[in-house]
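1. just need the structure, nothing else, for what follows:
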Amino acid sequence: MIHKTLSATLSLILSTTTLPALAALGGDTDSVQSDQTHMQATAQITGATNYSLHQLQLPSGTTVREYLTAAGTVFAVAWEGPELPDLQALLGNYYERYSTAAQQRTGRGPVTIAQPDLVVQSGGHMRSFVGRAYLPEQLPQGLAPAAIQ
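-> Take a look at the predicted model:
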């Protein structure tokens, strides 16, 4: 009886609980604040002429940077720190391509994807991870890929 009650309660909780939307590559500005909550991070926002940078400091010490166009689209994300952030959340619909590339690489080296619509570079080792992903076609005019760090 207790098992059935517990099972029913868990089912009810899971069916009424919504998970926060995350700012994923290609996502919108509204979801960036959800990232801060989901990752339990502190945020700092800086603006440039044609894009803004949302920097999240995670409790683990990892820093995540989310770059947004003036229209509010996430065109790039970057990370560095002792732990990998939730890459599935950060890469969103592009995560599958990243995961496939990671599985197909030989050895334990970095993961690199360089395609016309997606660039991902991720590497590092225990306690020192670094990476970035961006959508080349959505880079604001005048912003060089090297600036995404």
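2. distance of residue 101 from residue 80?
-> To residue 80, residue 101 is 20 Å away according to Cβ to Cβ, to the nearest Å. C-beta here means a position set from N, CA and C on the backbone, and glycine is covered the same way.
3. got it, and residue 54?
-> 15 Å.
4. higher neighbour count, those two?
-> The neighbour count for residue 54 versus residue 80, taken as other Cβ atoms under 10 Å, is higher for residue 54 (22 against 17).
5. the residue most central in space within the chain and residue 132, how far apart?
-> With distances taken as Cα atoms, centre = their mean, the residue of the chain nearest its centroid is residue 90 (1.7 Å). In this structure, residue 90 and residue 132 are separated by 10 Å, where distance is defined by Cβ to Cβ.
6. now do the phi/psi pair for residue 101.
-> In terms of degrees, to the nearest 10, the main-chain angles of residue 101 are phi -60, psi -40.
7. any idea which element the residue nearest to the centre of the chain lies in?
-> Per DSSP states H and E, residue 90 falls inside helix 87-91.
8. tell me the mean pLDDT over that helix?
-> Across helix 87-91, pLDDT averages out at 92.
9. quick one: buried residues of that helix?
-> In terms of neighbour count (16 or more other Cβ atoms under 10 Å), helix 87-91 has its buried residues at 87, 89-91.
10. got it, and stretch 60-67?
-> Judged by neighbour count (16+ other Cβ under 10 Å), stretch 60-67 contains these buried residues: 62-67.
11. could I get the residues you listed in JSON lines, plus columns for secondary structure and pLDDT?
-> Listed next are the buried residues of stretch 60-67 as JSON lines, based on DSSP: H, G, I helix; E, B strand; the rest coil; pLDDT from 0 to 100:
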{"residue": "62", "secondary structure": "coil", "pLDDT": "94"}
{"residue": "63", "secondary structure": "strand", "pLDDT": "95"}
{"residue": "64", "secondary structure": "strand", "pLDDT": "94"}
{"residue": "65", "secondary structure": "strand", "pLDDT": "95"}
{"residue": "66", "secondary structure": "strand", "pLDDT": "93"}
{"residue": "67", "secondary structure": "strand", "pLDDT": "95"}
